[in-house]
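Participant: how would this look folded up:
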Amino acid sequence: MTLGQAIFLFIAAAFTGALNAIAGGGSFISFPALIFTGVPPIPANATNNVAAWTGLVASTRAYWSHLDVPRRLLIPLVGVGVVGGTIGALLLLKTPPSTFDHLLPWLLFGATLLFAFSQQLVGKRKSSVGHNASSGEMAAACAFLFVAAVYGGYFGGGLGIILLALLAALGMTDIHAMNALKTLLSSCINGLALVMFMVARVIYWPQAVVMIFGSAIGGYFGAHYGRRLPQTWVRLFVIAVGTGMTIYFFVKIYA
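Facilitator: A predicted model of the protein is given here:
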């Protein structure tokens, strides 16, 4: 890794941490940045997980005061997130590199579409993620989270977007409360997957260390100051990056 690549990865990771704190979609920047600097796709995914997790932990700390979810719902959600993320990480480690290469543009495409149309997919209704949540609502939330967690452990690009869409579908409307729960769940989903990637030795540590610092700085300050930015600007930027990366990898893999 050259000095220029290190600076490039640091900046990409800082943007990733800030975007994940504000709206999600930061992996659309950090994952391609690793690919562009010569890291193969599966190690790039694992290395990106390290950087993203650091930023998520920093963001969770900054959003902690906005976390208002009853413990009887929070504990099952965290447990489901850890289990699903572990299963997703196992699937990634068992996936042949060539298979993952061909899946990559489709994963990016699906995550970008979900983010672009998430507001149209959900309705405005009273939050069910609250103190009066029924057993059925809790079961539904855990089931949807499990699917999202498996995806997050396997790829992770757009996980924050998926979780925000899920929380909106459950009726949450306070963006700060949603971001608080999103960052906590993302940290749990990626946490055990990170340990598995370390054990499997698929992480490129020089790149990871540089991105850890960038992601932590971006995640912390993004959570503190990013809420001042118009949400529309952030959404359009994430959609533009996701669309560009999707087109790039479709052309690279299938052209």
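Participant: going forward, measure contacts and count neighbours with C-alpha atoms only.
Facilitator: OK.
Participant: I'd guessed T243 sits against T112; true?
Facilitator: Yes: here T243 reaches T112: they are 6.7 Å apart, a contact under Cα atoms under 8 Å.
Participant: okay, the two: which has more neighbours?
Facilitator: Taking other Cα atoms under 10 Å, T243 and T112 do not tie; T112 has more neighbours (26 against 18).
Participant: now do the more buried one, the pLDDT please.
Facilitator: Note on T112: pLDDT of 76.
Participant: thinking it is in contact with G242, fair?
Facilitator: Yes: counting by Cα under 8 Å, G242 is a contact partner of T112 at 5.5 Å.
Participant: hey, where'd the helices end up in the stretch 151-255 of the chain?
Facilitator: Using DSSP state H, counting those that start in this stretch, the helices found in the stretch 151-255 of the chain span residues 159-169, 175-200, 205-225, 231-254.
Participant: now the longest one against helix 159-169, angle please.
Facilitator: Think helix 175-200. 140 degrees (axes from the mean of the first three to the mean of the last three Cα atoms, to 10 degrees).
Participant: pLDDT averaged over helix 175-200 - what is it?
Facilitator: In the prediction, helix 175-200 has an average pLDDT of 82.
Participant: what do you get for the first one?
Facilitator: Across helix 159-169, pLDDT averages out at 73.
Participant: from G110, how far off is the residue nearest the centre of the chain?
Facilitator: Nearest to the geometric centre of the chain sits L159, at 3.6 Å (Cα atoms, centre = their mean). Distance, L159 to G110, using Cα to Cα, to the nearest Å: 11 Å.
Participant: what about the helices in the stretch 1-150 of the chain?
Facilitator: Going by DSSP H, counting those that start in this stretch, the stretch 1-150 of the chain shows helices at 3-22, 27-36, 41-63, 71-94, 97-116, 118-121, 135-154.
Participant: ok, of those helices, where does mean pLDDT dip lowest?
Facilitator: helix 118-121 - the lowest mean pLDDT of the helices of the stretch 1-150 of the chain, at a mean of 62.
Participant: list the contacts of L91.
Facilitator: Y154 (Cα atoms under 8 Å, 6 or more residues apart in numbering).
Participant: from L104, how far off is it?
Facilitator: For L91, the distance to L104 - Cα to Cα - is 14 Å.
Participant: V39 too?
Facilitator: Distance from V39 to L104, by Cα to Cα: 15 Å.
Participant: V83 now?
Facilitator: From V83 to L104 the distance is 23 Å (Cα to Cα).
Participant: what about I35, how many neighbours?
Facilitator: Other residues close to I35 by other Cα under 10 Å number 15.
Participant: quick one: residues contacting it.
Facilitator: Taking Cα under 8 Å, 6+ apart, one finds 41, 44 in contact with I35.
Participant: how close does it sit to I162?
Facilitator: For I35, the distance to I162 - Cα to Cα - is 23 Å.
Participant: same check on V210?
Facilitator: When V210 is compared with I162 (using Cα to Cα), they lie 27 Å apart.
Participant: look at these two and report which has more neighbours.
Facilitator: I162 (25 against 19).
Participant: list the residues that contact A200.
Facilitator: A200 neighbours (Cα under 8 Å, 6+ apart): L93.
Participant: do you know how far it is from I162?
Facilitator: 27 Å.
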